[in-house]
Each structure stands twice: as C-alpha cells, then as structure tokens.
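K.L.:
Take a look and give me a structure for this.
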Amino acid sequence: MSSPLRALLPTAALLLALPLAARAAEPAALFTQPVADVDGKPLDVAALKGKVVLLDIWATWCEPCRASLPVYQALEERFGPKGFAVVAISVDESADTLRDFVKKAGFTFWVGWDPKGAWPQRMKLEVMPTAWLIGRDGAVQKTLPGFDADEVPALSKAIEALLAAPTP
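P.N.:
Residues are numbered from 1 along each chain as shown. Below you'll find the model as predicted:
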C-alpha cells in the first residue's frame, strides 16, 4: 500500500506493543463529518441518533483489524435490537478488495470507505485498528486502540451500561 496512511502508521509490531489507554477523540465526528460506503451511499447519520455506536477504523491488510471485525459483528447481533450499532470505516485503497472481503465475511454492520485516509487523520489515529464507543448523546465514552480479545468482556459490559442509561 503506497498511500500516505501507510506512512502515518508505524510497523505492526510497534502498533501491537502500544498501551491500550483511552484517548480523547472528536466526540461528534461521526455525526458531523460525511462518510460513504464503497458504492458512494452516505451513512444515514439520523438513524444513529440516540444509539450507542462503536466506530471502528480498520483495513483488510491489518491482522488485528481482521480479528476484531467478527467480534464487532457478534456484538451488533447481540446488542443491536437494544439500540447498538457498529460503523466500521475501512481505509483500503481498493474498492474491489474491500467489497470482496466484506462479502466473504458476511458482515451486516455498516462499512464505510475512506481510501484517502481522512478519518484516521481526523480521529488522530495512532494504532490500527482503533474503535471508539460512543454513547447515546454522541460523546466518546471509551477509546479502544488496537484489538485485544481479552478486552471484549469489558467492552460488552460498557455497551450494556450505556444501553441501560437513560436516553438523552
């Protein structure tokens, strides 16, 4: 991959070694910045208002990203009926690669496409993947740099707590 995004990212080994400390990001970026899928269809932001959202930035060439996505699919299946949604924005350069990957994996959550890497810059991405858990009020509640399967139970509890909170 020859994009400027690759130049922004350190080696995979360094990424995996970084701590999983929460980091501030733009709380309302998902609700104020445009993003579309690989076919140019924009995200229906209005449909996300009042939901708990997991915003994930990822790529098909990223091993930890590929490990995280089935987990996020399972979380959306489990919590979706209660008001939870996953929005996964890929930074892949190839539309065909992205389409093939998503089709083979059978993901049903919304997949955006950002081949120029604007979202990683906007969200001050330091680790691939990074996900942000956003509360019903649109504010970031938790930042999840990297992916660690051991952290999934804590993420599930955080989602449950946000879903149980009163809707603003």
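K.L.:
Give me the below-cutoff pLDDT ranges for the chain.
P.N.:
1-29 (pLDDT under 70).
K.L.:
Show me the helices in it, by range?
P.N.:
4-8, 12-17, 29-32, 63-79, 95-105, 118-122, 152-164 (DSSP state H).
K.L.:
would you turn those helices into JSON lines with mean neighbour count and distance to residue 39?
P.N.:
(Glycine included, C-beta is placed from N, CA and C.) Listed next are those as JSON lines, based on neighbours: other C-beta atoms under 10 Å; distance: least, C-beta to C-beta, whole Å:
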{"stretch": "helix 4-8", "mean neighbour count": "14", "distance to residue 39": "21"}
{"stretch": "helix 12-17", "mean neighbour count": "12", "distance to residue 39": "30"}
{"stretch": "helix 29-32", "mean neighbour count": "16", "distance to residue 39": "20"}
{"stretch": "helix 63-79", "mean neighbour count": "17", "distance to residue 39": "19"}
{"stretch": "helix 95-105", "mean neighbour count": "14", "distance to residue 39": "8"}
{"stretch": "helix 118-122", "mean neighbour count": "17", "distance to residue 39": "18"}
{"stretch": "helix 152-164", "mean neighbour count": "15", "distance to residue 39": "29"}
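K.L.:
Contacts only, for the residue most central in space within the chain.
P.N.:
For the chain, the residue nearest the mean C-alpha position is residue 56 (0.7 Å; C-alpha atoms, centre = their mean). Contact analysis of residue 56 by C-beta atoms under 8 Å, 6 or more residues apart in numbering lists 68-69, 72, 86-89, 129-132.
K.L.:
circling back: turn the helices of the chain into JSON lines, columns for distance to residue 40.
P.N.:
Shown next, in JSON lines, are the helices of the chain (distance: least, C-beta to C-beta, whole Å):
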{"stretch": "helix 4-8", "distance to residue 40": "20"}
{"stretch": "helix 12-17", "distance to residue 40": "30"}
{"stretch": "helix 29-32", "distance to residue 40": "18"}
{"stretch": "helix 63-79", "distance to residue 40": "22"}
{"stretch": "helix 95-105", "distance to residue 40": "10"}
{"stretch": "helix 118-122", "distance to residue 40": "15"}
{"stretch": "helix 152-164", "distance to residue 40": "30"}
